[in-house]
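Asker: pasting the structure only:
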């Protein structure tokens, strides 16, 4: 998948924003698997977004990483 370059953000930051907007906000938050603190800035300073995993996510999915 290719998306246009951006003079304001690095490619890593663009990927992070894409994942956040498509997966977290459109899927996980919509189905209430996670809740996200909507604040992005406090006193004009960017803050880390707090994501809380709801019990339904753990009850519905199991993630396994094979090394």
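Answerer: Okay, I see it. Quick caveat, the model's predicted, so the values are computed rather than measured.

Asker: give me phi/psi at the residue nearest to residue 39 when sequence neighbours are not counted?
Answerer: Nearest-residue entry for residue 39: residue 47, 6.3 Å, with adjacent residues in sequence omitted and distances by Cβ to Cβ, 6 or more residues apart in numbering. Heads up, the C-betas are built off the backbone N, CA and C, glycines and all. Residue 47 adopts backbone torsions of phi -120, psi 150, taken as degrees, to the nearest 10.

Asker: correct me, but residue 47 touches residue 41?
Answerer: Yes. Judged on Cβ atoms under 8 Å, residue 47 makes contact with residue 41 at a distance of 6.5 Å.

Asker: Report the set of residues contacting both of those two.
Answerer: Counting by Cβ atoms under 8 Å, 6 or more residues apart in numbering, residue 47 and residue 41 have no contacts in common.

Asker: and the two? which has more neighbours close in?
Answerer: residue 47 (11 against 8; other Cβ atoms under 10 Å).

Asker: Any figure for the gap between that one and residue 53?
Answerer: Distance, residue 47 to residue 53, by Cβ to Cβ, to the nearest Å: 19 Å.

Asker: do the same with residue 43
Answerer: In terms of Cβ to Cβ, residue 43 sits 28 Å off from residue 53.

Asker: neighbour-wise, which of the two wins?
Answerer: residue 53 (11 against 5).

Asker: Number of residues surrounding the closest residue to that one other than its chain neighbours?
Answerer: Take residue 53 and drop its neighbours on the chain: the residue closest to it by Cβ to Cβ, 6+ apart is residue 34, 5.6 Å away. Number of residues near residue 34 (other Cβ under 10 Å) recorded here: 17.

Asker: ok, now which ones touch residue 34?
Answerer: 24, 28, 51-54, 57.

Asker: Any of those residues buried? List them.
Answerer: 24, 28 (16 or more other Cβ atoms under 10 Å).
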